[in-house]
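1. what's the 3D shape of this:
(one chain, ligands or ions: 2)
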Amino acid sequence: MYLILNSRKTRLAFILITALSSGNVNAQGPASQRGEYLATIGACAACHTPPAVKELSQACTPEEQARETTVRSNPDWFAHLDPAKTMAGGVPFILRFSATSSGLVQSSNITPDMTTGIGNWSEAQIIDAIKLGIRPDGSSLFRFAPHTFYENLAQDDLQSLAAYLKSLRPISNAIQPRNLPFPTQPANPKPSIPQAPQGRNPARAEYLMNALVGCKECHSYHDTSGTLQPFIGGDPIDPFVGVFRLGPDLPLRQNEKGWSAFPYPGYAVLYGGNLTRFGQGGDLEPVTPPQIARAIREGVGTVLDQYGRPQPLAHVMLWQFYRDMTDTDALALSDYLKSLNFIPHDIGQRLRLFGTDREAAFKQVFGTLPSSNDRLIFGLDGMPSQCPKN
Ligand code: HEC
Ligand code: HEC
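-> Ligands and ions are numbered 1, 2, ... in the order given. Alright, predicted model coming up:
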């Protein structure tokens, strides 16, 4: 998966989200099982588990090339995560700060491998890394969302997550050091509440949204001053972009036409919708909490197409992770959306298609045509084949 960090603030554009099959995860039970539940709905694996796909420039056999193409047109990324690298990191994130400034950060190996992972960290050290972004050696992480919300996690949830990471199978996978044009800062320490709120109630919903799941991040709007207008959608800073390819490798090559991160041909840009439409006075006010919960967990949209059919939601909505959410949590979130007051904000089409015109797609997202640095970091001019010549 790639995230593209857009210029004005440290805000993210998800390019494509990979999904993890977690089986039945348990919201109760021992700490490591509760941690597995939190890690699943928190979509840690979307960033920490790489897909098992070779870069096209390295896909040398016909089989490898076929797999490349399938992955790029098949929205079920479940099928494509590398089971040999669960939580072993190495997913690259291109961070674009401005036309001339960029960086590359790879997700960490968070399995308990002793040399390449976090095997010799104590649970308290893991908690500091999750909550504050401070590593045992005193260095700080580059925290982008959702890491920026983890400072709000309750102590019991932090402990469960740490216990879960400790319980993972250790996998050896050395991660390239990150490359950033500025120093990183840890979060300001603040006390954690001892226990996360539980139950189908607004406190639980707010807790989940502020500490773990990114509903607000993806469905809010940052105005030109950078102020967040929660839940009204259509963010110019956080679109979900199919401009660039996603995978364990660098961006789209020139010869790669007809692919996008979403199951649509060509290049696409997708915006999170206005969720206040489900609230009081909104056109989606008649939609019930169970219907919203279905959208969250099963990716079945609530807006009907011209034939009256519900539309499947792009998997960037993370429903492949949310499908293990308990009824209580999914309904608490749905009730919360119903309690919002409608704020008119027409985001127009959620999905914009650009065919093969990636420059136009780039312009839609970043407001300018790609600079020479953009061309380089996103590989817009193609990448040389790394296959042996025969
Ligand atoms: C949007 C992508 C993303 C998501 C989602 C995400 N992480 Fe991370 N995480 C990263 C990146 C990237 C780094 C490395 C940052 C750096 O090197 O500065 C990281 C670093 C870490 C580290 C530090 C490890 C080390 O060796 O320094 C821990 C621990 C961690 N993540 C745990 C989690 C947990 C637990 C979750 C889910 C609750 C999670 N992450 C979700 C992207 C993500
Ligand atoms: C990574 C970004 C992201 C996150 C996190 C996210 N969403 Fe979404 N969501 C989207 C996008 C993009 C769409 C539009 C998908 C489409 O049109 O195919 C969407 C669609 C939806 C819809 C469907 C609206 C309809 O048309 O019926 C609902 C409901 C929704 N999101 C609620 C939530 C809730 C609740 C959360 C938190 C649990 C959440 N979303 C988290 C990006 C996100």
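
2. State the helix or strand in which residue 169 lies.
-> Following DSSP states H and E, there is no helix or strand that holds residue 169.

3. what about it, neighbour count?
-> 11 (other Cβ atoms under 10 Å). Yep, even glycine has a C-beta here, placed from its N, CA and C like the rest.

4. and the gap between it and residue 120?
-> Relative to residue 120, residue 169 is positioned 16 Å away (criterion: Cβ to Cβ, to the nearest Å).

5. For residue 331, which three-state class applies?
-> Three-state call for residue 331 (DSSP: H, G, I helix; E, B strand; the rest coil): helix.

6. Please tell me I have it right and it contacts residue 289.
-> Yes - the pair residue 331 / residue 289 is scored as a contact, 5.4 Å apart, by Cβ atoms under 8 Å.

7. Ligand 2 contacts on the stretch 251-390 of the chain?
-> 270, 272-273, 275, 292, 295-296, 301-303, 313-314, 316-318, 322, 333, 350 (Cβ under 6 Å from any ligand atom).

8. again, only using 8 Å
-> Taking Cβ under 8 Å from any ligand atom as the measure of proximity, the stretch 251-390 of the chain contacts ligand 2 at 262, 270-273, 275, 278, 284, 287, 292, 295-296, 299, 301-303, 310-314, 316-318, 322, 325, 333-334, 337, 350-351.

9. List buried residues within the residues you listed.
-> 262, 270-273, 275, 278, 284, 287, 292, 295-296, 299, 301-302, 310, 313-314, 316-318, 322, 325, 333-334, 337, 350 (16 or more other Cβ atoms under 10 Å).

10. among the residues you listed, which are in strands?
-> 270, 301-302, 310 (DSSP state E).

11. Strands of the stretch 51-200 of the chain, start to end?
-> 92-96, 102-106 (DSSP state E, counting those that start in this stretch).

12. highest average neighbour count across the ones you listed?
-> strand 92-96 (a mean of 22; mean count of other Cβ atoms under 10 Å).

13. Can you pull out the low-pLDDT segments for the stretch 201-350 of the chain?
-> Along the stretch 201-350 of the chain, the parts satisfying pLDDT under 70 run over 237-268.

14. how about a cut-off of 50?
-> Applying pLDDT under 50 to the stretch 201-350 of the chain flags residues 243-265.

15. For it, what lies in contact range of ligand 1?
-> 212, 214.

16. all helices of the stretch 201-350 of the chain, in order?
-> 202-211, 215-219, 289-298, 319-322, 327-338 (DSSP state H, counting those that start in this stretch).

17. residues of the shortest one that come out buried?
-> Which is helix 319-322. 319-322.

18. Which positions in the stretch 51-200 of the chain make contact with ligand 1?
-> Residues of the stretch 51-200 of the chain lying close to ligand 1 (Cβ under 8 Å from any ligand atom) are 89, 91, 93, 105-110, 117-118, 121, 126, 129-130, 133, 135, 140-147, 150, 161, 164-165, 175, 178, 180, 184.

19. circling back: export the buried residues of helix 319-322 to JSON lines and tack on distance to residue 205?
-> Formatted as JSON lines, the buried residues of helix 319-322 follow (distance: Cβ to Cβ, whole Å):
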{"residue": "319", "distance to residue 205": "17"}
{"residue": "320", "distance to residue 205": "21"}
{"residue": "321", "distance to residue 205": "17"}
{"residue": "322", "distance to residue 205": "13"}
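
20. Let's have the ones in strands among the buried ones among the residues of the stretch 251-390 of the chain next to ligand 2 in a markdown table, adding distance to residue 205.
-> Shown next, in a markdown table, are those (distance: Cβ to Cβ, whole Å):
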| residue | distance to residue 205 |
| --- | --- |
| 270 | 24 |
| 301 | 21 |
| 302 | 18 |
| 310 | 23 |
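
21. Can you verify my assumption that residue 44 contacts residue 87?
-> Yes - between residue 44 and residue 87 there is a contact under Cβ under 8 Å: 7.0 Å.

22. so what's in contact with those two at the same time?
-> residue 110 (Cβ atoms under 8 Å, 6 or more residues apart in numbering).

23. Ends of stretch 175-191, what's the gap?
-> Distance across stretch 175-191, first residue to last, is 31 Å (Cα to Cα, to the nearest Å).

24. Show the average pLDDT along it.
-> Per-region confidence: stretch 175-191 scores 93 on mean pLDDT.

25. cool, and stretch 143-156?
-> For stretch 143-156, the per-residue pLDDT averages 92.

26. Show me which residues of that stretch are buried.
-> Those would be 143-154, 156, for stretch 143-156 by 16+ other Cβ under 10 Å.

27. how near is residue 365 to ligand 2?
-> Separation of residue 365 from ligand 2 (Cβ to the nearest ligand atom, to the nearest Å) stands at 14 Å.

28. oh, I was asking about residue 84
-> 26 Å.

29. Just to check, residue 271 is in contact with residue 347?
-> Yes - in this structure, residue 271 is within contact of residue 347 by Cβ under 8 Å, at 5.3 Å.

30. neighbours around the residue nearest to residue 153 when sequence neighbours are not counted, how many?
-> Sequence neighbours aside, residue 211 is the residue nearest to residue 153 in space, at 4.7 Å (criterion: Cβ to Cβ, 6 or more residues apart in numbering). Applying other Cβ under 10 Å, we find 22 other residues in the vicinity of residue 211.

31. Could you check how far residue 211 is from residue 311?
-> Taken as Cβ to Cβ, the span from residue 211 to residue 311 is 30 Å.

32. before we move on, what about residue 186?
-> In terms of Cβ to Cβ, residue 186 sits 41 Å off from residue 311.

33. How about residue 352?
-> In terms of Cβ to Cβ, residue 352 sits 16 Å off from residue 311.

34. what do residue 271 and residue 347 both touch?
-> Common contacts of residue 271 and residue 347 (Cβ under 8 Å, 6+ apart): 233-234.

35. For the residue in the stretch 51-200 of the chain that ligand 2 sits nearest to, which non-adjacent residue is spatially closest?
-> Residue nearest to ligand 2 within the stretch 51-200 of the chain: residue 146 (7.9 Å; Cβ to the nearest ligand atom). Nearest residue to residue 146, sequence neighbours excluded (Cβ to Cβ, 6+ apart): residue 214, at 5.0 Å.
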